[in-house]
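S.K.: here is a sequence with its predicted model. Questions after.
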Protein chains: 2
Amino acid sequence: MRSYRQYCGLAAGLDAVGDRWTLLIVRELLILGPARYTDLLRGLPGIPTNLLANRLREMEAAGLVERQEPAPPVATPLVSLTERGRALLPVIEAVAAWGAPTLGGIDRDAEFRTHWLVLPLRRHLRDADPDKPPVCIEVQAGDGALSVEAGGGTVHVQVGRPDAPDAVIAGAPDAVLATLLGHATLNEARKRGVRVTGNRRALARIIPDDGRDSTS
Amino acid sequence: MRSYRQYCGLAAGLDAVGDRWTLLIVRELLILGPARYTDLLRGLPGIPTNLLANRLREMEAAGLVERQEPAPPVATPLVSLTERGRALLPVIEAVAAWGAPTLGGIDRDAEFRTHWLVLPLRRHLRDADPDKPPVCIEVQAGDGALSVEAGGGTVHVQVGRPDAPDAVIAGAPDAVLATLLGHATLNEARKRGVRVTGNRRALARIIPDDGRDSTS
DNA sequence: CCGGATCCGGGTTGATACTG
DNA sequence: CAGTATCAACCCGGATCCGG
């Protein structure tokens, strides 16, 4: 991107991450951790392959990502965020918090990937009862599954299907998210097609926490 | 901008404000309040006039800004932010906080407008002594002047030269900002060309406050 | 002066095909 | 799997022009 050439923090930030697709690439790397080129392509439906290659080069030059060339035993190269890149989490959360209310009116054929729920879940879920033994919940809302583990006062959200979940929640993305974030009751969720199996009390263990800071 | 067509809060937000110049236009309107077309042009060095006109149309359609057509007595039409547009302040603060550390290495001929200091000053300054009578400080750092008024526990930062300031601080933008935000002592600032006239104690009345929330 | 509209050259994006 | 190559369409930047 052409620089704005303005002595202004906002303009300087946009010089680095204002390009189309750049923040979405950061999103993917925040969710996945070190990822292969093909993993990124899967999580960025619509991006041309050459554009992803270009962006990764620019982002590497800007110090946002680094490539881990594989050791001799043939493996695939990985891309990961630098500390500077991970520092974009507050930016992404701010844009997402601002943009999320408009998701209701999005068109029917919009793409969705289950792992996109990871950031909102990490942001809003808290362990309701740190002293009890940990619980594990499986979330199914699209093309894949997530693992939500609560224990010791923290909640870990990861991509992938857990081995022995205490409960499983499945349904349409918006309905599942609304349920987990406390925007819909279990009865309302049921009417919207959300199904919960296993120990329902495990769901009560993770509670939404919208008051993390004063700026929200 | 083409939509990403992704069911994701980040993508939805970028669909609306990911276009080039859009967030900088919001910056100007946050600083200036209702503004004329020409005022915006002055605060956005480098933007082509047609692009500003296009963006304002798109932003009006997206509900970010609204035009106040002048009443019969001939006046110039004004553009102002809607509530939805003002809600972008946390986004802009997050990007600016992330981008500001790179301002040191910016090229010499970057543009600067004094009023760009308004948002960082509003964000970081606090009234150190709410019970004392209010003070007013004039800030000169480029093409114009700002008024910083502290009193009753709050700090008001506005564009324009105050009538009777208790103190005046003038110098290069980076040095003045570093001084006001407490990143440089008065002695260091002096070496960097910052000059303070009037009552220096008025400067001690406004103090930097970086701990406003836990996300910074 | 204010608020644009118009035109044009060049760069970027999007879509797809292809290759080591 | 990890890109490169190609090409059309679009968008941006720079300039000029024009009606109030």
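M.R.: The structure has been received and is ready for your questions.
S.K.: how much space separates whatever residue of chain A ends up closest to DNA strand C from DNA strand D?
M.R.: Going by CB to the nearest atom of the strand, DNA strand C is nearest to A:P48 of chain A, at 3.4 Å. (Each C-beta comes from the backbone N, C-alpha and C, glycine too.) Distance, A:P48 to DNA strand D, by CB to the nearest atom of the strand, to the nearest Å: 6 Å.
S.K.: look up phi and psi at that residue.
M.R.: A:P48 has phi and psi values of phi -70, psi 150 when expressed as degrees, to the nearest 10.
S.K.: pLDDT wise, what is it at?
M.R.: Looking at A:P48, its pLDDT reads 96.
S.K.: swap in A:S216?
M.R.: 36.
S.K.: residue numbers of chain A in contact with DNA strand D?
M.R.: Residues of chain A lying close to DNA strand D (CB under 7 Å from any atom of the strand) are A:2, A:36-39, A:48-50, A:53, A:76-77.
S.K.: leaving out the residues flanking it, which one is nearest to A:F112?
M.R.: Leaving out its chain neighbours, the residue that sits closest to A:F112 by CB to CB, 6 or more residues apart in numbering or on different chains is B:Y7, at 4.3 Å.
S.K.: most neighbours out of the residues of chain A next to DNA strand D, which is it?
M.R.: The most crowded member of these, judged by other CB atoms under 10 Å in any protein chain shown, is A:D39 (18 neighbours).
S.K.: A:R192 and B:G9, how far apart?
M.R.: In this view, A:R192 and B:G9 are 19 Å apart by CB to CB, to the nearest Å.
S.K.: for A:Y4, that is, sorry about that
M.R.: For A:Y4, the distance to B:G9 - CB to CB - is 26 Å.
S.K.: now do A:R195
M.R.: Distance from A:R195 to B:G9, by CB to CB: 24 Å.
S.K.: neighbour-wise, which of these two wins?
M.R.: B:G9 (24 against 12).
S.K.: max pairwise distance over the residues of chain A next to DNA strand D: which two?
M.R.: Within the residues of chain A next to DNA strand D, A:R2 and A:T76 form the most distant pair, 33.3 Å apart (CB to CB).
S.K.: tell me which element the residue nearest to A:A189 when sequence neighbours are not counted falls in.
M.R.: Using CB to CB, 6+ apart and skipping the chain neighbours, the partner closest in space to A:A189 is A:T179 (4.1 Å). Take DSSP states H and E as the rule and A:T179 turns out to sit in helix A:173-180.
S.K.: mind listing what's buried along the longest helix along chain A?
M.R.: The residue-count maximum for a helix in chain A (DSSP state H) belongs to helix A:49-61. Across helix A:49-61, burial judged by 16 or more other CB atoms under 10 Å in any protein chain shown covers A:52, A:55-56, A:59.
S.K.: which helices and strands does it pack with?
M.R.: Where contact means 3 or more CB pairs under 8 Å, 6 or more residues apart in numbering or on different chains; DSSP states H and E, helix A:49-61 is packed against helix A:22-32, helix A:37-43, strand A:65-68.
S.K.: CA atoms only for that helix, dumped as PDB, please.
M.R.: Only the C-alpha atoms of helix A:49-61 are listed here, as PDB (Å, rounded to 0.1, in the frame of the first residue of the first chain):
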ATOM      1  CA  THR A  49      -3.300 -17.200  -4.200                       C
ATOM      2  CA  ASN A  50      -0.900 -14.700  -5.600                       C
ATOM      3  CA  LEU A  51      -2.300 -12.000  -3.300                       C
ATOM      4  CA  LEU A  52      -1.800 -14.200  -0.200                       C
ATOM      5  CA  ALA A  53       1.800 -14.800  -1.300                       C
ATOM      6  CA  ASN A  54       2.300 -11.000  -1.900                       C
ATOM      7  CA  ARG A  55       0.800 -10.100   1.500                       C
ATOM      8  CA  LEU A  56       2.900 -12.600   3.300                       C
ATOM      9  CA  ARG A  57       6.000 -11.100   1.800                       C
ATOM     10  CA  GLU A  58       5.000  -7.600   2.700                       C
ATOM     11  CA  MET A  59       4.000  -8.600   6.200                       C
ATOM     12  CA  GLU A  60       7.300 -10.400   6.700                       C
ATOM     13  CA  ALA A  61       9.100  -7.200   5.500                       C
END
